[in-house]
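**Q** What follows is a predicted protein model with its sequence.
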Amino acid sequence: MYTVIEVPQWQGSRSPKAPKLVEGAARVAALAGGEHVRVTTGETLAETAARVRAVLPGDGPTVTAGGDCGVELEPIARAVRLHGDRLTVVWFDAHGDLNSPESSPSGAFHGMVLRTLLGEGPPDLVPSTPLHPSQVAFSGVRSLDPAEADFLDRTRWGDLADLRDDAVLYVHIDLDVLDGFTSVGYPEPDGLPAAELLSQVEHLASRHQVVGLGITEYAPTTPADDALLTTLVPELVRLCTTPHPR
């Protein structure tokens, strides 16, 4: 059995649609099935992170239903603690989320969460054991601020085509990675078709154990997007939580 952690955090986003992430988190969690735990957000991002950390299981796969991308902070930090350098985080996202507090144009934490997981972020949110850039592989990233692009270019990242044989995966999905999906705070053109996203996840999950899945940034806006998620979310969860022969 897998645990679904619903985190209706929207305070890490500056999008006008951000409050709708509460409804989006509930919808994604309902579609994900599993053993459901809902986290009540705190007055600060650090307080919410502590509440997420308190409900994470000791082992077993987790599905995190956001909320903004900042909800991934503690689930990924847990995966690092459990699996060390065997872990690769696969970042399906239109954005790199690689800003630091100094470089961020908006100051929104959801654009800093991956940089924070790498050890550079708000002091009260930086994990005790950071990720190394070689443990992060990107897919679908296509919109970067100048400082993010510079950091991306001068850093050595992981490669989905060259994962170590014993790698375990955390799969992060910001729904803005999808082509034509507008029920997000900052939609971007030229994303991945849903079928391509599923194909990539299926390929990865057939070769490596998936220890965590995050689905984030759903701000319900159009019926067509919700209809897509009705089939997409359960299939992503199935692929990432069903053991495959390897």
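**A** Structure's in. What do you need?
**Q** Just want the most central residue of the protein.
**A** His172 (3.2 Å; C-alpha atoms, centre = their mean).
**Q** Confirm it sits in a strand?
**A** Yes. Assessed by DSSP: H, G, I helix; E, B strand; the rest coil, His172 belongs to a strand.
**Q** wait, what's in contact with it?
**A** Going by C-beta atoms under 8 Å, 6 or more residues apart in numbering, His172 touches 69, 72, 76, 89-93, 214, 216. No exception for glycine: its C-beta is placed from N, CA and C like everyone else's.
**Q** Who does it form a beta bridge with?
**A** Trp91, Gly214 (DSSP bridges).
**Q** so Leu229 sits in a helix?
**A** Yes. The assignment for Leu229 is a helix, going by three-state DSSP.
**Q** burial measure for it, as a count.
**A** By the criterion of other C-beta atoms under 10 Å, Leu229 has 22 neighbours.
**Q** Excluding residues flanking it in the chain, which one is nearest it?
**A** Counting by C-beta to C-beta, 6 or more residues apart in numbering, Leu31 is the residue found nearest to Leu229 once chain neighbours are left out, at 6.2 Å.
**Q** wait, doesn't Pro127 sit right on Ala77?
**A** Yes. Counting by C-beta atoms under 8 Å, Ala77 is a contact partner of Pro127 at 3.9 Å.
**Q** Looking at those two, which one has more neighbours?
**A** Neighbours per residue, other C-beta under 10 Å: of Pro127 and Ala77, the larger number sits with Ala77, 23 against 20.
**Q** CA atoms only for the strand or helix carrying the more buried one - export them in PDB, please.
**A** Assigned by DSSP states H and E, Ala77 belongs to helix 73-83. The C-alpha trace of helix 73-83 is given here as PDB (Å, rounded to 0.1, in the frame of the first residue of the first chain):
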ATOM      1  CA  LEU A  73      10.500  19.700   0.000                       C
ATOM      2  CA  GLU A  74      10.000  17.200   2.800                       C
ATOM      3  CA  PRO A  75       9.000  14.100   0.700                       C
ATOM      4  CA  ILE A  76      12.200  14.500  -1.400                       C
ATOM      5  CA  ALA A  77      14.300  15.300   1.700                       C
ATOM      6  CA  ARG A  78      13.000  12.000   3.200                       C
ATOM      7  CA  ALA A  79      13.900  10.100   0.000                       C
ATOM      8  CA  VAL A  80      17.500  11.500   0.300                       C
ATOM      9  CA  ARG A  81      17.800  10.400   3.900                       C
ATOM     10  CA  LEU A  82      16.500   6.900   3.100                       C
ATOM     11  CA  HIS A  83      18.300   6.200  -0.200                       C
END
